[in-house]
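Colleague: Pasting the sequence and the predicted coordinates here, then a few questions.
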Amino acid sequence: MTDTSTAASPVSPAAAPSGDGSSLYLVDGSGFIFRAFHALPMLTRPDGTPVNAVLGFSNMLLKLLADLKAEAVAVVFDSKRLNFRNDFYPEYKAHRPEPPEELKPQFSLIREATEAFCLPCLEMEGYEADDLIATYARLAREAGRDVTIVSSDKDLMQLVRPGVRMMDPMKNRMIGPDEVVEKFGVPPEKVVDVQALAGDSVDNVPGVPGIGIKTAAQLITEFGDLESLLARAGEIKQPARRQKLIDFAEQARVSRRLVLLDDNAPLPKPLDELRVREPDHQKLVDFLKAQGFRTIVARVQAEMAKDGSIADAAAPSAAPAAGAPAAAPAAPQASGEAAPRVRSHSLHAVEKRYELVQDAEALRRWVERARETGVLAVDTETDSLTPATATLVGISLATEPGLACYVPLAHRAEGAAADGLLDFSAAEAPKQIPADEALAILKEVLEDPAVLKVGHNFKFDHQLFSARGVRVAPLDDSMLISYVLEGGSHGHGMDELAELHLAYTPIPFKEVCGSGKSQITFDRVPLDKALAYAAEDADITLRLWTLLKPRLVDERMVTIYETLDRPLVPVVADMERCGVRVDQAALARLSQDLSVRLAEIEKDVHALAGQSFNIGSPKQLGEVLFDVLKLGAGKKSKTGAYSTDSSVLEELAEQGHTIAQRVLDWRQLAKLKSTYTDALQEKIDPATGRVHTAFALAATNTGRLSSTDPNLQNIPVRTEEGRKIRRAFVAAPGHKLLSVDYSQIELRLVAEMANIAALKQAFHEGLDIHAATASQVFGIPLDKMTSDIRRKAKAINFGIIYGISGFGLGRQLGIPPGEANAFIKAYLERFHELKAWMEATKAFARQHGYVTTLFGRRCYMPGIQDKNPARRGFAERQAINAPIQGTAADIMKRAMARVPKALEEAGSGARMLLQVHDELLFEVPEGQAEEAAALVRRVMEGAASLGVPLVADAGIGDNWDEAH
DNA sequence: TTCGTCACG
DNA sequence: GACGTACGTGACGAAG
């Protein structure tokens, strides 16, 4: 983080340049274009020109210039695709696909942007941007100027040395020698040797096979450099590695030439011309306006109005609140009193004032502040990621950007023995408000209807507060807002969003608590570090919310957020907290039984193979089946290994190979044992006998939930063996389990959205839908329907939902793709509306980069414009599937938002436990089950009003298998 | 970590 | 005609 090169100079303690603007910033324009393009969601100008990378680039330059005072900045670009490296290694970067169509028009716009900023644009035919950067960096150093290379490209790390540093504009951090060692395991001057060995698949640098960065660093450290290593390769102990280095010595030398940057490139402009330039604000504003960048235009204009300059003119930092240590500066920060504060994320970055709150009076002041602003960002710190068992260690709050506090509640004395043994030498625990008292003070504001509480992944915090008698409301969740706005284009974790929207890297959790064996729980973190980390989280949450919330309105996504996603926060939090009862003894018995049977099968398989091997190893199994026993040709899969998945084994079994069937049996039982009977037992809370899954609300591309730790959405049901596990999910004494699931919801939605008259009619008539479609497609009367024809129609019906292909359907049905294609053709002729809908959906996806559900949720599909037909085909099938799967998910969310309230109003004691995409599982007091079933069915069937009826079926039992 | 495999909707 | 295929998930053991 610290700038080692300039800070070391006694003349310039700050990052400020020495003398006449002599410090030089070289921006890797080409590298940035690609990274920005892929990191940012697609945006277009009103005329349809894509400009997401242009916006990222402009933002980056603005921020860079704002953070600098009178330094020279130049932007360097690649010229043509080919350069001198291709003369001696034609494959260099040869496999790179053409840039995506949406990126192409942005190259010239980014050059225009550079001009609009009045910065020199440097490029030279036959050389990469990296070579020019290397050359200018060398010359500048020779002229006594400090150099900062602005790039995220690891290939430039070889240039780091005294006076030359890198700044990563995406992560907003400085890269000096330490960071290079962290990345490559060697100091900058040895980076090329490591890269020569490890190669780089992105640039098609071959390296030596089997050697990665870790091994390469170790070898170079041991032997000094590449040539010494190659000369003494015979001394290497590992035989395979030794041989590889001997065989591929020449390839390593070529690789080194490829990665070594040329610092003697011809110059497009003399170094002397790279000087500070006066910005032309009007020109810049005109350019930005032409791109439709309203927000940053406003920023630039505000700066102009303020002081007529883009450059940062922030006042020196205000004193932090009394008793509060200043937060660690997060941005690359020069030390020195006179240095301007480096902005953490924008021209209007606000001073960070973080306060440690250790007494009730101070806490009450924060509550008052929240009442004044009406908004309060909240984040909790715990000693565990499992809310059911977690201790509330502290709470952080933020009331406006930059203004945050941390309230420690259960911190231990610094240096307290981590193993819990008594340690009389340790100091007393730090001063803290008693947790009950703090919660009582906070309860007023957390439950105050006039104060909006903002969290990031608020479900977690909601659960903790709920367990302590506090029902947080009303609330907003910045994670869910991001998910609604940009689901499918990136993740929605706070760190990722901070980098994306605030160009800021939050303090990593690892930095506070360590990792691996030496990891400590948050209650052992010293208060100053805890403050910096926790207050920052609340601060960032508030900043993200400030940024993202208005976009819901602009992009007309308010209803989706407010009716589908936000209401699930308390609902799902309660489901998780409740958990589901699991009979541990039953699982243990199953485990035991499976062990015995697995051992028997294993003996059989080894006997049939004539040798002992690990059946669980696909590699060993493939070798036994195809090399030793020679059961057919084998070989599949991209990595060259034999494929041994169930389809392959089933085929072998059909040919009469007993061993294949036995392996299939073994696989099934092994899976049940490891994933279900064994692992699930570990997840049972011994105090309650219940399992608490976590439902992810912002994880999928389609709007579905997902379940983790453990995943309770994939409990076996399809086989009798598997259902034994399901029977271990039981109702509490005096209760029943109630399962209610939507019947054929996705196919109903196909009929609805594609408006297929015949299919809708069939649903209205309540027919067996697979038989009905079979009848219509193949022209067979219902009373003459055979199970085989019905099976085929069912497969096609599923295929439609998945974005059908002849190949996939053929494989599913075990028929040639040609025959499958004929079925599809017949289907699409009978249901002609479907074809039109699929084409229209794909066209929409191509045009917009996303598809929408019936309710308007967007699912972004980044691959839809891909030039590679395979990847594009994939995206097209996603584009067909996402509206269907996503609409079903939306409907289920509407139902989930309504069910708990409906139950409560009916005076039911039923509790909602689990959601499995089209099914809800409840625990109901005995005697109320039938009533609850009727009510839940009514809510689920009424969750959307469509042209096809929604039907939900209910089952009641003592365990999940019986109820299902 | 990544891969292959397989459990669910 | 390319290219490599049904959609969406999460967890496990093996192996590098």
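Modeller: Sure, I can see it. Residues are numbered from 1 along each chain as shown, chains lettered A, B, ... in the order given.
Colleague: for the closest residue to DNA strand C within chain A, what are its contacts?
Modeller: Using C-beta to the nearest atom of the strand, the single residue of chain A nearest to DNA strand C is residue A:799, 2.2 Å away. For the C-beta atoms, the positions are set from N, CA and C on the backbone; glycine is no exception. Contact analysis of residue A:799 by C-beta atoms under 8 Å, 6 or more residues apart in numbering lists A:805, A:808, A:809, A:812, A:824.
Colleague: Look up how far residue A:750 lies from the fourth one.
Modeller: This means residue A:812. 18 Å (C-beta to C-beta, to the nearest Å).
Colleague: Which residue of the two possesses the greater neighbour count?
Modeller: residue A:750 (26 against 15; other C-beta atoms under 10 Å).
Colleague: Which residues outside the host helix or strand of that one are in contact with it?
Modeller: Assigned by DSSP states H and E, residue A:750 belongs to helix A:745-753. Contacts of helix A:745-753 with the rest of the structure, by C-beta under 8 Å, 6+ apart, involve A:756, A:759-760, A:762-763, A:769, A:797, A:800-801, A:834, A:837, A:854, A:883-885, A:887-888, A:891, A:918, A:946-950.
Colleague: quick revisit: secondary structure element holding the residue of chain A closest to DNA strand C?
Modeller: Using DSSP H and E, residue A:799 maps to helix A:787-801.
Colleague: hey, where'd the helices end up in the stretch 251-400 of chain A?
Modeller: Ranges of helices within the stretch 251-400 of chain A are A:281-290, A:294-307, A:360-373, based on DSSP state H, counting those that start in this stretch.
Colleague: Check these for me: which has the lowest mean pLDDT.
Modeller: Ranked by mean pLDDT, these bottom out at helix A:294-307, with a mean of 71.
Colleague: could you say what helices and strands that helix packs with?
Modeller: helix A:52-67, helix A:281-290 (3 or more C-beta pairs under 8 Å, 6 or more residues apart in numbering; DSSP states H and E).
Colleague: Can you convert those into TSV and add a column each for distance to residue A:741?
Modeller: Listed next are the helices and strands packed on helix A:294-307 as TSV, based on distance: least, C-beta to C-beta, whole Å:
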stretch	distance to residue A:741
helix A:52-67	41
helix A:281-290	52
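Colleague: follow-up on the earlier one: check the average confidence over the helix or strand following the helix holding residue A:750, would you?
Modeller: Heading C-terminal from helix A:745-753, the first helix or strand you meet, by DSSP H and E, is helix A:757-764. For helix A:757-764, mean pLDDT is 97.
Colleague: List the buried residues of helix A:757-764.
Modeller: A:759, A:760, A:762, A:763 (16 or more other C-beta atoms under 10 Å).
Colleague: what's the angle from it to helix A:745-753?
Modeller: 130 degrees (axes from the mean of the first three to the mean of the last three C-alpha atoms, to 10 degrees).
Colleague: could you dump helix A:757-764 to CSV, C-alpha only?
Modeller: C-alpha atoms of helix A:757-764 as CSV (Å, rounded to 0.1, in the frame of the first residue of the first chain):
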residue,chain,number,x,y,z
ALA,A,757,-53.2,-21.8,-27.6
ALA,A,758,-53.3,-25.6,-27.7
LEU,A,759,-51.1,-26.0,-24.7
LYS,A,760,-53.0,-23.5,-22.6
GLN,A,761,-56.2,-25.3,-23.5
ALA,A,762,-54.7,-28.6,-22.4
PHE,A,763,-53.8,-27.0,-19.0
HIS,A,764,-57.3,-25.6,-18.6
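Colleague: Strands of the stretch 801-950 of chain A, residue ranges please.
Modeller: According to DSSP state E, counting those that start in this stretch, the stretch 801-950 of chain A carries its strands in the segments A:850-852, A:858-860, A:911-915, A:919-925.
Colleague: ok, residues contacting the last one?
Modeller: I take that to be strand A:919-925. For strand A:919-925, using C-beta under 8 Å, 6+ apart, the contacting residues are A:578, A:580-581, A:731-732, A:734-742, A:892, A:895-896, A:899, A:908-915, A:932, A:936, A:940, A:956, A:960, A:963-964.
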